[in-house]
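*Asks:* Just the structure for this:
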Amino acid sequence: MALAASAPTLSQALWPSTAGPAGRTLRTVLLITLGVLALFVSAKIKIFIEPVPVTMQVFVVLALGLAYGARMGLATVLSYLAVGMAGQPVFTGTPEKGLGMAYMMGPTGGYLIGFALAAFAVGLMAERGWDRKFVLAAVAMVIGVALIHIPGALWLAYGSPFTAPGASPFGGIGMETVVALTKTFLPIDLMKAGLAVLLFPAIRSLLR
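*Replies:* Predicted structure coming up:
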């Protein structure tokens, strides 16, 4: 049986948005706030592997996409980034490694971009019911992890693409070094994705 082109996400199944405009707005604000808090807490749970810290954020980003869908998942990650851009110490290694744009233009800036890409893409797949089947959920998670690691690795290797050559606060460490590092922490992120693969289809089964 083909999956529906548009299916309720887990958050919609648990908390349907059936109230009036005020109720829907309150629901959206509360869910995004919870998501931002989850990203903040997960950023502080870390194992440091120079120069990129391994945290639980990858799992939370993927879970937000699966649970919230594309638009709300993206809005949650963008809200989190906006809080960090405003100078709040919500990122991994803050305030020790800087705050606001100074931090975001540093070594991990590409991964922050990847968070937004992954939340949106995984959310699109969740809206098509991919979180209901283990195989499809696994494919969605692999795509999500790739969307986090590709911009993250390119940024880490070559530096920020948003400033002129020589003016970037972070100049990159070279792709060869990044490949070696990726061999260390990519399997860890795939294990986090595997946790989401086990969790979400199981929750869906219980709801049914």
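*Asks:* where exactly do the helices run in the protein?
*Replies:* Secondary structure of the chain (DSSP state H): helices located at 10-14, 21-43, 57-68, 70-85, 100-104, 109-126, 134-158, 175-207.
*Asks:* would JSON lines of these with mean neighbour count, distance to residue 92 and mean pLDDT be doable?
*Replies:* Where C-beta positions appear, they are placed from N, C-alpha and C, glycine not excepted. As requested, the helices of the chain are exported to JSON lines (neighbours: other C-beta atoms under 10 Å; distance: least, C-beta to C-beta, whole Å; pLDDT from 0 to 100):
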{"stretch": "helix 10-14", "mean neighbour count": "17", "distance to residue 92": "25", "mean pLDDT": "91"}
{"stretch": "helix 21-43", "mean neighbour count": "16", "distance to residue 92": "4", "mean pLDDT": "94"}
{"stretch": "helix 57-68", "mean neighbour count": "28", "distance to residue 92": "7", "mean pLDDT": "96"}
{"stretch": "helix 70-85", "mean neighbour count": "21", "distance to residue 92": "10", "mean pLDDT": "98"}
{"stretch": "helix 100-104", "mean neighbour count": "17", "distance to residue 92": "9", "mean pLDDT": "91"}
{"stretch": "helix 109-126", "mean neighbour count": "25", "distance to residue 92": "9", "mean pLDDT": "96"}
{"stretch": "helix 134-158", "mean neighbour count": "20", "distance to residue 92": "13", "mean pLDDT": "94"}
{"stretch": "helix 175-207", "mean neighbour count": "15", "distance to residue 92": "13", "mean pLDDT": "89"}
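*Asks:* Same list, those helices, but as a markdown table with distance to residue 93 please.
*Replies:* Conversion of those to a markdown table gives the following (distance: least, C-beta to C-beta, whole Å):
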| stretch | distance to residue 93 |
| --- | --- |
| helix 10-14 | 30 |
| helix 21-43 | 8 |
| helix 57-68 | 12 |
| helix 70-85 | 11 |
| helix 100-104 | 8 |
| helix 109-126 | 12 |
| helix 134-158 | 14 |
| helix 175-207 | 15 |
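*Asks:* Which among these is found nearest to residue 94?
*Replies:* With respect to residue 94, and counting by C-beta to C-beta, the nearest of the helices of the chain is helix 100-104 at 5.8 Å.
*Asks:* which secondary structure elements does that closest one contact?
*Replies:* Taking 3 or more C-beta pairs under 8 Å, 6 or more residues apart in numbering; DSSP states H and E as contact, the helices and strands that helix 100-104 lies on are helix 70-85.
*Asks:* between the helix it packs on and helix 57-68, how big is the angle?
*Replies:* Computed with axes from the mean of the first three to the mean of the last three C-alpha atoms, to 10 degrees, the direction of helix 70-85 lies at 140 degrees from that of helix 57-68.
*Asks:* What are the contacting residues of helix 70-85?
*Replies:* For helix 70-85, the external contacting residues (C-beta atoms under 8 Å, 6 or more residues apart in numbering) are 11, 28, 31-32, 35-36, 39-40, 61, 64-65, 67-68, 90-91, 94, 99-101, 103-104, 112, 115-116, 119-124, 126-127.
*Asks:* go again using 7 Å as the cut-off
*Replies:* Contacts with helix 70-85, where a contact means C-beta atoms under 7 Å, 6 or more residues apart in numbering, come from 28, 31-32, 35-36, 39, 61, 64-65, 68, 90-91, 100-101, 104, 112, 115-116, 119-120, 122-124, 127.
*Asks:* No more questions from me, cheers.
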